[in-house]
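> Sequence plus the predicted model coming up.
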Amino acid sequence: MSDQARWLSLPEALEAIKNSVSPRPEQTQVPLTAALDNVAAQVITAPLNVPGYDNSAMDGYAVIAADANAGNSLRVIGEAFAGHPFSGEVTPGTCVRIMTGAMLPAGADAVIMQEQTDRTEQGIHCQAALCEGDNIRLAGSDLAAGETIIRAGQRLRPVDIGLLASMGIAEVTVNKPLRVATFSTGDELVPPGQPLKSGQIYDSNRYTIQAMLSRLNIEVIDLGLIRDDPEAIAAAFKKAMSQADVIVTSAGVSIGDADYTKDVMAQLGEINFWKIAMKPGKPFAFGKLGESWFCGLPGNPVAAVVTLNQIVQPLLRYLAGEDWPEQTMYRAVASKPIRKKPGRADFQRGRLTQAGDQLEASPVGSQSSGVLSSVANANCFILLEQDRGNVAAGETVTVLPFDRLLQ
């Protein structure tokens, strides 16, 4: 059997990861102001109706619909404002001046728009006929008491915070954010801000990784740059194991003489797999170190981005208590030929555009795994299937629009 035949396909790798982990996130209670981007630990149901009472959908006059035929005149007997309801009752031949959001007065069953009336000394002259319920927002029409508003495992968005606030809910039980330790390995790497010597490059991966992780509301533990030395790498792993739920490293998992991460990890824990039939990103290691899960990303910048996005992200979201995420995919027409060899799923960086009534996709710049600008200038991955070869212009391709980790 060839070495390539033993590589896992990407779906196989993802399935293996999912089957390996058993999410057991800790729970904590946080104020609503701190709940954004956290994962809800419990189902939350509406404790009351929203809106809590029938109210006007616009400025106008609260009326009895049968009275408001075109040509009829009605006497104004009061006013209703949001937070200041009219205390009396609308009776035949009368109406109440009402503002948007104000509680509908007793007796009224419709609101006539201000623009459909003429104001007179005695009241209003109606210019249009109404039906019962016109221009009224009924109690519970947004949310009904007892209705599920937040699912367990749902990551809270800004609109979810607003919904909870509209319920009067001030605190939420959420899963504690994951703790993820990161470090880069390589004697050639230098932190930004320091001068480069001959043969050195700046460490971009650690900054990219941490920025992407921050979009998942993760507590990042930065262990810095680790030199290419087995003892130093082992010490970094032991420190990470004592602090983190997941360890994410960059470089050191290929087959080079100085790629020690995989070997040290094998001594301290176990490796489930370390080669995936994908491009970029073949040398990806996954395993366990004590109670911590380990993901070893490739050293090439684009390969690190792709594997973090496609493999590590679903793992982290699953461990945080979310359902295993499904990707958004589109079908688009290749606007120009795309080169590819069969054997690995290829995540080419591209631009997705709307051309008339169809979507078009085109690769952007160099597709080398070391050219990070190809990601910066793209808005999607063009996913070419593992067994697929060259793509001709006009053929249909699968496109994965960039998610919030890459936007």
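Good, I have the coordinates.
> Tell me, domain by domain, which residues of this protein belong where.
Domain segmentation of the chain under automatic domain parsing yields 4-25+176-319, 27-50+141-175, 55-137, 330-401.
> pLDDT of the shortest one, averaged?
The average pLDDT within domain 27-50+141-175 is 96.
> let's have the chain start at 29 instead
Sounds good: first residue 29 from here, last item domain 55-78+169-203.
> Where does pLDDT dip in this protein?
Applying pLDDT under 70 to the chain picks out residues 29-33, 280-287.
> what helix or strand does the most centrally placed residue in it sit in?
Nearest to the mean C-alpha position of the chain, by C-alpha atoms, centre = their mean, lies residue 432 at 5.8 Å. Per DSSP states H and E: residue 432 is located in neither a helix nor a strand.
> which residues sit in contact with it?
Applying C-beta atoms under 8 Å, 6 or more residues apart in numbering to residue 432 gives the contacts residue 243. Where C-beta positions appear, they are placed from N, C-alpha and C, glycine not excepted.
> try residue 170
78, 79, 194.
> Which stretches in the stretch 229-378 of the chain count as helices?
Ranges of helices in the stretch 229-378 of the chain, per DSSP state H, counting those that start in this stretch, are 233-242, 258-271, 289-296, 329-335, 341-347.
> any idea which of the ones you listed is most buried?
Compared across the helices of the stretch 229-378 of the chain, helix 329-335 shows the largest average neighbour count, a mean of 26 (mean count of other C-beta atoms under 10 Å).
> Distance to residue 54 added to the helices of the stretch 229-378 of the chain, as a markdown table?
Formatted as a markdown table, these follow (distance: least, C-beta to C-beta, whole Å):
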| stretch | distance to residue 54 |
| --- | --- |
| helix 233-242 | 19 |
| helix 258-271 | 15 |
| helix 289-296 | 24 |
| helix 329-335 | 27 |
| helix 341-347 | 11 |
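> closest to residue 166 out of those?
Ranking the helices of the stretch 229-378 of the chain by proximity to residue 166 (C-beta to C-beta) places helix 341-347 first, at 37.6 Å.
> residues near residue 422, how many?
Using other C-beta atoms under 10 Å, residue 422 is surrounded by 11 other residues.
> just checking, it touches residue 364?
No: Residue 422 lies out of contact with residue 364 (C-beta atoms under 8 Å); the separation is 9.4 Å.
> Between the two ends of stretch 401-416, what distance do you get?
Start to finish, the residues bounding stretch 401-416 are 25 Å apart (C-alpha to C-alpha, to the nearest Å).
> show me the contacts for the residue nearest to residue 330 when sequence neighbours are not counted.
Closest residue in space to residue 330, ignoring its immediate chain neighbours: residue 397 at 4.5 Å, by C-beta to C-beta, 6 or more residues apart in numbering. Contact analysis of residue 397 by C-beta under 8 Å, 6+ apart lists 307, 308, 309, 326, 328, 329, 330, 331.
> Adding distance to residue 257, write the residues you listed out as JSON lines.
Shown next, in JSON lines, are the contacts of residue 397 (distance: C-beta to C-beta, whole Å):
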{"residue": "307", "distance to residue 257": "30"}
{"residue": "308", "distance to residue 257": "27"}
{"residue": "309", "distance to residue 257": "26"}
{"residue": "326", "distance to residue 257": "20"}
{"residue": "328", "distance to residue 257": "22"}
{"residue": "329", "distance to residue 257": "23"}
{"residue": "330", "distance to residue 257": "27"}
{"residue": "331", "distance to residue 257": "23"}
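> Pick the one among those residues closest to residue 102.
Nearest to residue 102 among the contacts of residue 397 is residue 330, at 70.2 Å by C-beta to C-beta.
> tell me the contacts of that closest one?
308, 377, 396, 397, 398, 399, 400, 402, 403.
> among the residues you listed, which are in helices?
Among these, DSSP state H puts 402, 403 in helices.
> among the contacts of residue 330, who's most crowded?
Of all those, residue 377 has the most neighbours under the rule other C-beta under 10 Å, reaching 27 neighbours.
> farthest-separated two in the contacts of residue 397?
For the contacts of residue 397, the maximum inter-member distance is 14.4 Å, found between 307 and 329 (C-beta to C-beta).
> returning to what we had before: switch the contacts of residue 330 over to CSV, and while doing so, append distance to residue 342 to every line.
Output for those, formatted as CSV (distance: C-beta to C-beta, whole Å):
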residue, distance to residue 342
308, 18
377, 20
396, 26
397, 21
398, 25
399, 25
400, 22
402, 23
403, 19
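> Can you tell me which of the contacts of residue 330 is closest to residue 293?
residue 308 (21.2 Å).
> pretty sure the closest one is touching residue 376, no?
No: Residue 308 lies out of contact with residue 376 (C-beta under 8 Å); the separation is 9.6 Å.
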